[in-house]
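K.L.:
mind folding the following:
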Amino acid sequence: MFLLPSLVSTLTVLLLLSTLLLAATEDYYNLLGLSKTASDREIKRAYRTLSKKYHPDKNPNNSSAHAKFVEVAEAYEALSDSNLRKIYDQYGHEGLKQHQQGQRGGGGHHDPFDLFSRFFGGGGHFGHGGGQRRGPDMEVRMQLPLKDFYNGRETEFTVEKQQICEDCEGSGSADGVVETCQKCGGRGAVIQKHMLAPGIFQQVQMQCDGCGGKGKSIKHACPVCGGARVVRRPVTLTAVIEKGMPKGTRLRFENEADESPDYVAGDMVLTLQEQEPKLGEEESAKTDGTFFRRKDNDLWWKEVLSLREAWMGGWTRNLTHLDGHVVRLSRERGQVVQPGQVDTVKGEGMPIYHEGHLHEHHDGDEFGKLYVEYMVVLPDQMEKPMEKDFWALWEKWRLKKGIDLGKDSGRPSAAPHDEL
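P.N.:
This is a model prediction of the structure:
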């Protein structure tokens, strides 16, 4: 009589644990970021994206990413099969589990790496397995204004590349049936005899014209790729430009080059180049940043002064930097600026980028120097009264403090040449 309540309690706990375990299993549609009305193409596209994102080869020593990779494969395996999807929609994870146990005698899911290789070719891993063929890398260039190198940004870019056909999953067959070529027996090549002379023959190995050297043949070609197994389509990727990255930086996108069922895709390499400066079309985009020039971690700026400003001083300039903050340039009255003189402003150059990560092992931001070179503009001509007054003033101070540059230079004597 006393065992019955205990037994009921135990069964209740087990039932509760079972319910919690099933609830903890993420819904397959949510896992793939899809709605329950998603089409087969949307399911394939979601699997392609997420399997590459969580692949263990791209996330070493990351157990959570590996688990996610397996879960994504399980979700695709269930939803890509119309029969399994119907069972899952009606009975959920538990109904699908019972069906799979009945079909496989209690066995688990297929190897997620085998499933992955059907989409990306070469094998289940990103080119790390022995003897796997790897495709060539793809080189892409991107032009960026200096402002983006200074401030950093995320930017999307679109390139057209070869992709495995999603409709036939790279088989080239509309019905998924791929047969061994009868002409070459699957070797992709045939031996042909050529008579060189009476009784003398030469054997030449040539590509099989029946299968195009593939060793496989299909009866019903995929209507999308025409049996080629691959298509050319645009793909959009996101590049992260960190502050201070040097010109010519190469960003590597693993396995984003041309795809093929016959090999593992190579890497896409994006080279960052500095765009030729130009004035912004919108008023908000018109900053002084158009006229900066970069050299490594430093910036160069040319500031124009009038003769009066260079000689007499008493001027101020507000220079708008690449991120919008203001750098003030000035001279007190009586301070002279020589043509071509260069001032150094510390901490106003480019952010210093450290390989691998910006400011790694450093406290706070670090910047290079800003070099300001002064150019003095002389007036084209002077009105006669101004010229008279200026000449009289010049003569007064020349006689008092003038220096004979001709005599100091050691050149043959000529017309007087002196300056204050």
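K.L.:
buried residues in stretch 321-339, which are they?
P.N.:
Buried residues in stretch 321-339, defined by neighbour count with 16 or more other C-beta atoms under 10 Å: His321, Leu322, Val327, Leu329, Arg331, Val337. Every C-beta, even on glycine, is put in place using the N, C-alpha and C of the backbone.
K.L.:
sorry, slip of the keys, the one I care about is stretch 382-398.
P.N.:
Quick answer for stretch 382-398 (16+ other C-beta under 10 Å): Arg398.
K.L.:
any idea of the mean pLDDT in that stretch?
P.N.:
For stretch 382-398, the mean per-residue pLDDT is 80.
K.L.:
doesn't Arg331 make contact with Glu309?
P.N.:
Yes - using C-beta atoms under 8 Å as the test, Glu309 is close enough to Arg331 to be in contact (7.5 Å).
K.L.:
need the residues touching each of these two.
P.N.:
The contact sets of Glu309 and Arg331 overlap at Trp315, Val337 (C-beta atoms under 8 Å, 6 or more residues apart in numbering).
K.L.:
what are the bridge partners for Gln202, then?
P.N.:
Legend: beta-bridge partners of Gln202 under DSSP bridges are His194.
K.L.:
show me where the stretch 151-300 of the chain has its strands.
P.N.:
153-164, 179-180, 189-197, 200-207, 216-217, 230-241, 250-253, 268-274, 293-295, 298-306 (DSSP state E, counting those that start in this stretch).
K.L.:
how about those strands in a markdown table, adding mean neighbour count, distance to Arg133 and mean pLDDT?
P.N.:
Listed next are these as a markdown table, based on neighbours: other C-beta atoms under 10 Å; distance: least, C-beta to C-beta, whole Å; pLDDT from 0 to 100:
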| stretch | mean neighbour count | distance to Arg133 | mean pLDDT |
| --- | --- | --- | --- |
| strand 153-164 | 14 | 15 | 91 |
| strand 179-180 | 12 | 20 | 80 |
| strand 189-197 | 11 | 17 | 75 |
| strand 200-207 | 10 | 18 | 78 |
| strand 216-217 | 19 | 17 | 78 |
| strand 230-241 | 13 | 15 | 90 |
| strand 250-253 | 13 | 20 | 90 |
| strand 268-274 | 17 | 18 | 93 |
| strand 293-295 | 14 | 42 | 92 |
| strand 298-306 | 17 | 46 | 93 |
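K.L.:
make a markdown table out of the buried residues of stretch 321-339 and add distance to Gly226.
P.N.:
Listed next are those as a markdown table, based on distance: C-beta to C-beta, whole Å:
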| residue | distance to Gly226 |
| --- | --- |
| His321 | 55 |
| Leu322 | 50 |
| Val327 | 60 |
| Leu329 | 65 |
| Arg331 | 73 |
| Val337 | 71 |
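K.L.:
wait, which of these is closest to Pro261?
P.N.:
Set against Pro261, the nearest of these by C-beta to C-beta is Leu322 (46.8 Å).
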